[in-house]
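Undergrad: Whatever this is, show me its structure:
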Amino acid sequence: MKLAMTLMIRDAADVIEANLRYHHAQGVDVFVVADNGSTDGTVEILERYEKAGLLRLERMPGQLTEVWGSGRTKIARLAFELGADWVIHNDDDEFWWPLTGNLKEALGAIPEHFGMVVAPRTEFVARPGEGFFANRMTAREARFLRPPKAAHRTHPQVVLAQTHPGQIWLEDARTNIFSGRPGLRQQGADHSARPNMELTFAPSFPIRILHFPLRSLAQYCHRVELADAAKQLGASEREEVRIAYESGRLEEIYDGLVLSDKQVARGITEGWLVEDTDFRDYLAACPDPLNGGNAPGGSRDWSSERRERELAELQLDGMYALTNYVRRGKSGTMLTASRRARYRALNRAERRLKELERRLKHIERSRWWRLRPRPPRLPHRRSSVRRP
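TA: Numbering: from 1, shown residues only. A predicted model of the protein is given here:
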């Protein structure tokens, strides 16, 4: 089996080499990377891997929002052209972590009639300092309840709007009709005529995704700058960040996201954080693919009791991710994260309106309102026009 991984990145020099080194040790045979105009040394790193035959580099400059969908689709189809059997759609700050074996073994064990694996995602919390992120960030959320990602069998007609499982489908040039499927969505109604296009969700969840979104102040500030340039700070939930960026207060926002040792200890005690050094230790043991060396074993050095517990928790988190972020509508199509985000924004607006109405009623019942100064009433003037 040949395993490919796609990435669309920009200015990820602080993390991309660790990402490539880790996933190569996990069995990824080829990386298909779209660079969106990096200027921080990312391209030079990618070119070294390309020269070694481990990576296919596609340069895609321009505004990210304009090249995202077409770029993701292009590199997903390139994975098929390069002979890959499975493809993982990844981001530069995410690390796919199988609980048994390595990634190639985990995906190779999926039965033939299943074509997509959903991977729950969790975040490692931001920590103080500017050193290598994996050495500092060793506390993560206890459960994997973030929006999931997906790996799937390669196909020449795959289309990606996003890397979310419900935003991946297969294209049929004969029709533009979408039919909701329990896996990759398929354009076209005659499913019995094209059974090979059916790619359904596997009922097991063998892989976690470890996410490191906030690695340093400099990385966070640059991330906000790129989001502003791509006009991605307009959403209501990002208004605070946009205002802070425009007023030069991003450091204040970042400091509020960083957890101290005391806060981490409290989170572990309360059960919403866990200390996780397994990834740090595994990454440190991964050899440089450009210099050779043996990759560490994929299996974790865990007791059988811990492995069973971790697998059971991952199955629960996988079902939560699948049912909470990918649902079927009345028309049979997928209700995906983007639509759910709109519903959440509407619910937040309704709650805000109710809160303002409650405050207004409180003000109207107050003594100040009753005794407030009022403008004098003007004398009533009779109309000089007689009415019949």
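
Undergrad: taking the mean pLDDT, what do you get for the helix or strand containing A349?
TA: When elements are assigned from DSSP states H and E, A349 belongs to helix 337-364. Averaging pLDDT along helix 337-364 yields 72.

Undergrad: Please apply the same query to stretch 23-33.
TA: Rounded mean pLDDT across stretch 23-33 is 95.

Undergrad: what do you get for stretch 369-376?
TA: 74.

Undergrad: So what touches the helix or strand following the helix holding A349?
TA: Going down the chain from helix 337-364, the next helix or strand is helix 367-370, by DSSP H and E. Helix 367-370 is contacted by residues I363 when judged by CB atoms under 8 Å, 6 or more residues apart in numbering. Every residue, glycine included, has its C-beta placed from N, CA and C.

Undergrad: How much space separates Q219 from F212?
TA: 10 Å (CB to CB, to the nearest Å).

Undergrad: cool, and S38?
TA: 18 Å.

Undergrad: now swap in Y325 and tell me
TA: Relative to F212, and taking CB to CB, Y325 is found at 21 Å.

Undergrad: Ok, V28 next?
TA: 18 Å.

Undergrad: now swap in Q63 and tell me
TA: Distance from Q63 to F212, by CB to CB: 25 Å.

Undergrad: what does P206 give?
TA: For P206, the distance to F212 - CB to CB - is 21 Å.

Undergrad: I88 is in contact with Q26, isn't it?
TA: No - I88 is not in contact with Q26 according to CB atoms under 8 Å; the separation is 9.7 Å.

Undergrad: Now the common contact residues for those two.
TA: Common neighbours of I88 and Q26 (CB under 8 Å, 6+ apart) are W96, L103.

Undergrad: ranges for the strands of the stretch 101-250 of the chain?
TA: Under the criterion DSSP state E, counting those that start in this stretch, the stretch 101-250 of the chain contains strands at 116-123, 139-141, 146-153, 158-160, 168-170, 178-179, 185-187, 207-211.

Undergrad: list the helices and strands the second one packs on?
TA: This points to strand 139-141. Applying 3 or more CB pairs under 8 Å, 6 or more residues apart in numbering; DSSP states H and E, one finds that strand 139-141 makes contact with strand 116-123, helix 261-270, strand 273-275.

Undergrad: Show me how the record splits the chain into domains.
TA: Annotated domains of the chain cover 3-214+260-335, 217-257, 338-366 [automatic domain parsing].

Undergrad: P373 is nearest to which of these?
TA: domain 338-366 (14.6 Å; CB to CB).

Undergrad: ok, L346 - how many residues close by?
TA: Using other CB atoms under 10 Å, L346 is surrounded by 10 other residues.

Undergrad: quick one: it from Q232, how far?
TA: For L346 relative to Q232 (CB to CB), the value is 20 Å.

Undergrad: can you check R307 too?
TA: 40 Å.

Undergrad: how long is stretch 48-55 end to end?
TA: Stretch 48-55 has an end-to-end distance of 9 Å (CA to CA, to the nearest Å).

Undergrad: Buried residues in it, which are they?
TA: Going by neighbour count (16 or more other CB atoms under 10 Å), the buried part of stretch 48-55 is Y49, L54, L55.

Undergrad: just to revisit the earlier point, reformat the domains of the chain as TSV; add distance to R377.
TA: Listed next are the domains of the chain as TSV, based on distance: least, CB to CB, whole Å:
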stretch	distance to R377
domain 3-214+260-335	56
domain 217-257	41
domain 338-366	20
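
Undergrad: Buried deepest among those, which one?
TA: domain 3-214+260-335 (a mean of 18; mean count of other CB atoms under 10 Å).

Undergrad: Is it correct that Y245 is in contact with L233?
TA: Yes - using CB under 8 Å, Y245 makes contact with L233 at a distance of 7.0 Å.

Undergrad: Next, show the common contact partners of those two.
TA: Joint contacts of Y245 and L233 (CB under 8 Å, 6+ apart) are V224.

Undergrad: Sketch out the low-pLDDT regions of the stretch 51-200 of the chain for me.
TA: Filtered on pLDDT under 70, the stretch 51-200 of the chain yields the residue ranges 161-167, 172-199.

Undergrad: hey, where'd the helices end up in the stretch 201-350 of the chain?
TA: 217-229, 239-246, 250-257, 261-270, 278-285, 304-325, 337-364 (DSSP state H, counting those that start in this stretch).

Undergrad: Out of those, the one nearest K2 is which?
TA: helix 278-285 (22.9 Å).

Undergrad: This completes my enquiry, with thanks.
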